[in-house]
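K.L.:
3D model of this:
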Amino acid sequence: MNVRRAPRGFTLLELLVAAGITLLLAGIMLAVTAGTLGAWRRAQGVQDSAAQAGLALDFLARDLQSALLRNDANIWLASDVLNTTAEASAHGWFVSGALKPAGVESQQLVPVGVAPHIEDARFGLTGCWLRFFVGKPDSNATGRDLSAPSAVGYQILRKRTGPRGTDARYRLYRAEVRPTASASGRPGTFQSGYDITAGNYAAASSTQADAGTVLTPVAADALADNVIDFGLWFYVKNAAADLQRVSPLTNADCSCRVPSGGVVPTAVDVMLRVLTQEGAAQISAIESGLVSRPPAYASDAEWWWAVAEANSAVYSRRIELKGALP
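P.N.:
Below is the predicted model:
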């Protein structure tokens with residue numbers, strides 16, 4: 001007579017082993033998924049940064065190739081490196097609390113090395129403040145129309161963003177002043193003159209296209225997000241027809257004026273350092289005091305730059321200055 005036995009169940013040990021294997025596999029899958037998502041976010045961040053930089057460099061190339069650089073008594077182009085909070089505040093920066101460090105940590109205009117590259121330079125607290133006059137192309141492309149030049153200004157501003165204005169972020173701005181008076185009645189370039197350092201261009205304004213927006217751009221002038229550094233190297237051709245840098249020559253050489261001593265540059269290197277979205281969030285957290293400095297860093301400035309460099313990319317372009325005139 002055969003005796004039918006009841007089905008045998010799992011022992012407690014077998015259940016524990018099965019649960020452990022399941023958790024191990026789930027952990028591996030979670031780690032792989034997290035790594036893949038992290039890599040995707042980093043790649044997406046780099047792509048976003050590249051798009052921001054490409055747009056800004058295209059604008060800069062178009063404007064600089066149209067720059068009017070006359071060798072007369074006027075200043076047709078000016079570039080300054082600003083490295084104090086007082087200077088930043090005068091340009092409309094939000095300077096409360098912590099922000100990008102000033103001092104020697106950020107002002108390394110000419111990196112140490114036998115063959116320094118602009119990609120390794122740092123241009124002060126605010127980056128370069130560039131402003132100059134541009135002409136519009138004539139119909140037959142034989143030169144520039146000097147009858148009605150506009151003025152443009154490029155600079156980084158740190159402004160408050162977010163729904164309650166609590167999140168401070170860095171942006172590159174491009175302000176443009178047309179020849180005729182603005183809608184507010186303030187003078188354009190024709191009335192303000194063709195010295196880019198003259199009074200109207202150094203008077204703060206909150207109206208787009210006013211001459212004063214060269215100093216204090218408005219929100220509508222924003223060109224690229226998360227730009228934390230913006231720098232320029234100017235060149236002339238020497239006797240051997242090679243490019244020779246004329247500004248900056250040292251870390252203290254913070255200003256360029258054209259013309260200056262009869263020297264009109266023929267080319268310029270432009271550098272932009274752009275944070276990824278993740279990098280922008282980390283820098284914002286540092287500056288908002290939401291995180292504490294790790295003990296590995298000797299100073300807040302060292303920490304700020306370590307995070308910035310790990311979460312940003314540098315983009316550069318050499319641009320020919322075609323508007324030099326006798």
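
K.L.:
Leu15: which element?
P.N.:
Assigned by DSSP states H and E, Leu15 belongs to helix 12-65.

K.L.:
helices and strands around that helix, which ones?
P.N.:
Applying 3 or more Cβ pairs under 8 Å, 6 or more residues apart in numbering; DSSP states H and E, one finds that helix 12-65 contacts strand 128-137, strand 167-177, strand 222-225, strand 227-237, strand 267-275, helix 277-287, strand 312-320. (C-beta placed from N, C-alpha, C; glycine too.)

K.L.:
quick one: closest of the ones you listed to Arg158.
P.N.:
Proximity to Arg158 (Cβ to Cβ) singles out strand 167-177 among the helices and strands packed on helix 12-65, at 5.3 Å.

K.L.:
report the rounded mean pLDDT for the closest one.
P.N.:
For strand 167-177, the mean pLDDT works out to 93.

K.L.:
remind me which residues of the stretch 201-326 of the chain are low pLDDT?
P.N.:
Residues of the stretch 201-326 of the chain that meet the criterion pLDDT under 70 lie in 260-262, 324-326.

K.L.:
residues near Gln191, how many?
P.N.:
By other Cβ atoms under 10 Å, 12 other residues sit near Gln191.

K.L.:
my read: it touches Arg178, true?
P.N.:
No: counting by Cβ atoms under 8 Å, Gln191 stays clear of Arg178, with 11.1 Å between them.

K.L.:
export the helices and strands packed on helix 12-65 to TSV and tack on distance to Leu55 and mean neighbour count?
P.N.:
Conversion of those to TSV gives the following (distance: least, Cβ to Cβ, whole Å; neighbours: other Cβ atoms under 10 Å):
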stretch	distance to Leu55	mean neighbour count
strand 128-137	17	21
strand 167-177	10	22
strand 222-225	6	18
strand 227-237	11	23
strand 267-275	10	24
helix 277-287	16	18
strand 312-320	11	17
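
K.L.:
what's the closest of those to Ala296?
P.N.:
The closest of these to Ala296 is helix 277-287. By Cβ to Cβ, the value is 14.3 Å.
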